[in-house]
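Need coordinates for the below:
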Amino acid sequence: MPEPTIPADPAAPLVHRFTSGVGDHLLVIPFSRIYDIATGAAPSSDADWDAATLSVPSMGEVGLDHISEPQPQSISLNVSSSCNLTCGYCYAARGGFGGVQTTLMEWPTARAAIDRLLSGADSESPITIGFLGGEPFVNRKLIHRAVDYAVEQGQRLKLDVRFSVTTNGTLLEANDLEMMRRNLFAVTVSLDGAADVQDRQRRLHRDGSGSWQTVVDRITPLLERPGHAKIAARATVTRHNLDIAGHLTALTAIGFPEVGFAPLRVGPEASGPLTDADWPLYLAALVAASEDEIDRLRRGIPIRLTNLAVALKQLHRGASSPYPCGAGGGYFSVSANGRWYACHRAIGNADFDLGSNEGLDSVRRREFLEKRHVHSQTDCGSCWARYLCSGGCHQEASARTTASCDFIRGWLSFCLETYCELGSALPVAGIVSHRLFEQVAP
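Predicted coordinates for the structure are as follows:
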C-alpha cells in the first residue's frame, strides 16, 4: 500500500536564486540541490529554470509530500522527575512537567520501553536510547541498569545500540564517566556560556549559588579522557546573553570540542525569550561567531560551532524534509509512567501522547504527522526555506513570527553562501570539498 501524502501548494516556489562571493547560484528547493549559474543570467521564474524537472525525487529519495511512519528507531527515557538546578526557562519545570511526572521512572517501565524499541527497530541502522529529566543522574542507578541491559540485548540480537544523555553535569560521578567512556554515548552538557551567564541563569536549587565551577570540575575528567563518548555543550541563548562568540570561546576553553546554541523562543518573560527586536541581533552574533570558525576551517582547524557545522554538512548531503525532526516518526519520548510522547518537551501534552509501552495508537500518530507536515503549515507554503526549516520545532510553532522566520532565512542564506564559497575556493573542489564537508560536522 502506498504511503499517504499531503500535496504541496502548486503555487509554491521551486527555486531560490542567491549570490555568494564566488558568483550566482540556484537552490532547487525540493531536495536542496545547488547549482552554479552564469552571472547575470536573466531567467527568474520556475518555468525558466525547468524547476519541475530538477525537483523530482532521484533514485532512493522519498517524495516530500509523503507521511512517513517508520518503526521507532530511537527513544528518550524521562528517568527523573526532579532537578538540582532552578533554570527559569526550563520547559520541563525541573522534570515535573507541571505536576504530570511526579516520580522517578522505575526499572519495569524502562525495560518494557527498551524491549519495545529493540523488537521493532530497523536492525540495519543504529538504535539510540537517550536519558532525560529533570536531571537524569538523579536516577543514576536506573541509567546504569538500562545501559547494561540494552548492551546485553543488543549483543544478543546483533543490533547496533547507542546511547545519549542530556545532563547539567553537576551530579556526574566517576562511575558515570566510565559508563559513558565504555559505550557509544552522545553526551550533551547544558551550559549557557561563560561563568557569569551560567551562574546567573542556572543556579543550584539547594542554596541559589552558581553552578559553573561544579560543572567544570565534574565534566573535565571526561573531556580529558572521553573514550567512546562524544561530548558537546549546549547553550540556551536568551535576550540577555547574545555574545555567541564570547560564550563559544569560554566553553571551548574548558575542552568542549563542539558547542551548539539554541535561542529561547518560549518561556516566562523574565527568563528572556527573544522578541522580534532581538532576532536580527542574534543573527548578527551567530554570523560573527561563524566567520571566526570559517577562518579556522580555512587553516585546517575543525569547526567547533555545531550550528554552522551541521548546516554545512546538511547542505552538502542535500538535506530536505517535510518535518523538522523525527518526533512521532522515528523518535519518541517515554514518560516515567510509560506513555510514549512524540517529543521530550511535550510530556503530559495530550496532543503529543501517541501511545504507551503497550503500543502506539496508529490513528493518533497519523493525525499528528498530518497536522505537522510542512505542507499543512499554510504560512510556510511560499517560503524558499520550507524544506530546510520544515516549519521549525513543533513545540515552538505557536511562537513563530515574521521576525523569527526572517532569522531562519537569514541564517540559511549565510550558510548557503558559505557553502558555495568554501567549496569553490578549494583545489579540486569535487574531491577536496567533499572531504571537507564530511569532516566539519558532528
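
Confirm that Thr252 sits in a strand.
No - membership of Thr252 in a strand is not supported by DSSP: H, G, I helix; E, B strand; the rest coil, which gives helix.

Now the residue nearest to the spatial centre of the chain: which helix or strand?
The C-alpha lying nearest the average C-alpha coordinate of the chain belongs to Cys325 (C-alpha atoms, centre = their mean; 7.3 Å). Of the helices and strands defined by DSSP states H and E, none includes Cys325.

Quick check: the gap between it and Leu104.
As judged by C-beta to C-beta, to the nearest Å, Cys325 and Leu104 stand 27 Å apart. In this view, the C-beta of every residue, glycine as well, is placed from N, C-alpha and C.

again with Ser80
Applying C-beta to C-beta, the value for Ser80 to Leu104 is 6 Å.

Now list whatever residues contact both of those two.
Counting by C-beta atoms under 8 Å, 6 or more residues apart in numbering, the contacts common to Ser80 and Leu104 are 138-139.

higher neighbour count, these two?
Counting neighbours by other C-beta atoms under 10 Å for Ser80 and for Leu104 shows that Ser80 has the greater number, 28 against 19.

Could you confirm that one falls within a helix?
No - according to three-state DSSP, Ser80 belongs to no helix; its state is coil.

show me what contacts it?
With C-beta under 8 Å, 6+ apart, Ser80 has these contacts: 95, 104-105, 132-139.

Mind checking which of those residues land in strands?
Among the contacts of Ser80, the members found in strands (DSSP state E) are Leu132.

Counting neighbours, which bits of stretch 402-413 end up buried?
404-405, 407-413 (16 or more other C-beta atoms under 10 Å).

Next: stretch 248-263.
Applying a neighbour-count criterion of 16+ other C-beta under 10 Å, one finds 248-251, 254, 256, 258-261, 263 buried in stretch 248-263.

Do a quick rundown of the strands in the stretch 1-150 of the chain.
Remark: strands assigned in the stretch 1-150 of the chain by DSSP state E, counting those that start in this stretch are 15-20, 23-28, 33-37, 74-78, 85-87, 127-132.

With distance to Cys343, mean neighbour count and mean pLDDT added, can I get the ones you listed in a markdown table?
Listed next are those as a markdown table, based on distance: least, C-beta to C-beta, whole Å; neighbours: other C-beta atoms under 10 Å; pLDDT from 0 to 100:
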| stretch | distance to Cys343 | mean neighbour count | mean pLDDT |
| --- | --- | --- | --- |
| strand 15-20 | 29 | 17 | 93 |
| strand 23-28 | 29 | 18 | 92 |
| strand 33-37 | 30 | 14 | 90 |
| strand 74-78 | 9 | 23 | 98 |
| strand 85-87 | 19 | 19 | 90 |
| strand 127-132 | 11 | 23 | 98 |
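
can you list contacts of the one helix or strand Glu152 maps to?
Taking DSSP H and E as the criterion, Glu152 maps to helix 140-157. Residues from elsewhere that reach helix 140-157 (C-beta under 8 Å, 6+ apart): 77, 79, 104-107, 110-111, 114-115, 118, 123, 127, 129, 131, 136-137, 159-161, 163, 165, 171, 173, 175-176, 179, 183.

so what strands line up beside the helix or strand that it is followed by?
Moving toward the C-terminus from helix 140-157, the next helix or strand (DSSP H and E) is strand 161-167. Paired strands of strand 161-167, with direction, are strand 127-132 (parallel), strand 185-190 (parallel) (DSSP bridges).

now the angle from strand 161-167 to strand 74-78?
Computed with axes from the mean of the first three to the mean of the last three C-alpha atoms, to 10 degrees, the direction of strand 161-167 lies at 40 degrees from that of strand 74-78.

Buried residues, strand 161-167. List them.
Under the neighbour-count criterion of 16+ other C-beta under 10 Å, strand 161-167 has 161-167 buried.

got these as a markdown table, with pLDDT columns?
Below are these laid out as a markdown table (pLDDT from 0 to 100):
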| residue | pLDDT |
| --- | --- |
| Val161 | 98 |
| Arg162 | 98 |
| Phe163 | 98 |
| Ser164 | 98 |
| Val165 | 98 |
| Thr166 | 97 |
| Thr167 | 97 |
